[in-house]
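J.: no sequence on hand, only this structure:
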């Protein structure tokens with residue numbers, strides 16, 4: 001049944017010559033209480049609540065929870081696989097690091113051994129060169145000493161002869177006469193000893 005607005009009803013009644021003093025019309029609505037709060041509807045509401053809850057529970061148990069459980073299981077498996085893979089990669093990285101450190105230690109020890117060999121080789125070469133230089137210097141020194149001895153002997157021979165001549169000239173100048181060369185030579189030889 002169609003209910004027209006109040007102002008439309010007034011205009012119809014005025015057109016028929018009647019006036020109505022009420023604006024609203026009672027359409028037969030019941031006692032005025034809200035149905036969910038009406039105690040006479042409690043049993044049917046409880047029945048439908050139980051049926052709806054039961055169906056919702058079955059829907060959750062049969063459809064939603066298995067899907068969520070499957071998703072959680074898949075995620076758990078994926079996380080476990082990722083953790084296993086991470087642990088495996090960590091072990092590989094640790095092994096690679098240990099191998100790197102071992103190779104580094106080996107390289108350092110090889111470098112130290114090579115450096116020690118080079119030092120010892122250079123030391124041996126320097127020692128051999130020093131010996132050669134010392135030997136060359138010793139031979140040059142002995143040659144120089146021999147030359148000095150020859151020069152000294154020659155100079156000493158010449159000194160004796162020069163001393164004899166000088167002595168003869170000094171005596172000649174002082175005394176005015178020449179002296180025998182043998183006497184001058186024996187006098188110079190006696191003074192040199």
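T.: Okay, I see it. Note that the structure is a prediction, hence the values are computed from the model and not measured.
J.: need the longest helix for this structure.
T.: The longest helix of the chain (DSSP state H) is helix 65-175.
J.: just checking, what packs against it?
T.: helix 181-192 (3 or more C-beta pairs under 8 Å, 6 or more residues apart in numbering; DSSP states H and E). Every residue, glycine included, has its C-beta placed from N, CA and C.
J.: quick one: contacts of the helix it packs on?
T.: With C-beta atoms under 8 Å, 6 or more residues apart in numbering as the contact definition, helix 181-192 has outside contacts at 160, 163, 164, 167, 168, 171.
J.: quick one on the thing from earlier: angle of the longest helix of the chain against helix 181-192?
T.: Angle, helix 65-175 to helix 181-192, by axes from the mean of the first three to the mean of the last three C-alpha atoms, to 10 degrees: 140 degrees.
J.: tell me the mean pLDDT for stretch 114-133?
T.: Averaged across stretch 114-133, pLDDT comes to 92.
J.: then stretch 101-108?
T.: 94.
J.: so, low pLDDT: which residues of the protein?
T.: Applying pLDDT under 70 to the chain picks out residues 1-32, 192-193.
J.: hmm, 50 instead?
T.: The chain contains residues with pLDDT under 50 at 1-15, 18-26.
J.: hang on, the earlier thing: greatest separation within the contacts of helix 181-192: which pair is it?
T.: Maximum pairwise distance among those (C-beta to C-beta): 16.2 Å, between 160 and 171.
J.: ok so, going back, can I get the contacts of helix 181-192 in a markdown table with distance to residue 108 and neighbour count?
T.: Output for the contacts of helix 181-192, formatted as a markdown table (distance: C-beta to C-beta, whole Å; neighbours: other C-beta atoms under 10 Å):
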| residue | distance to residue 108 | neighbour count |
| --- | --- | --- |
| 160 | 75 | 14 |
| 163 | 77 | 18 |
| 164 | 81 | 19 |
| 167 | 83 | 17 |
| 168 | 86 | 18 |
| 171 | 89 | 16 |
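J.: ok, residue 132 - contacts?
T.: Residue 132 sits next to no residue when contact means C-beta under 8 Å, 6+ apart.
J.: how close does it get to residue 138?
T.: 11 Å (C-beta to C-beta, to the nearest Å).
J.: what's the answer for residue 131, then?
T.: Distance from residue 131 to residue 138, by C-beta to C-beta: 10 Å.
J.: and for residue 175?
T.: Here residue 175 is placed at a distance of 53 Å from residue 138 (C-beta to C-beta).
J.: done for today, thanks.
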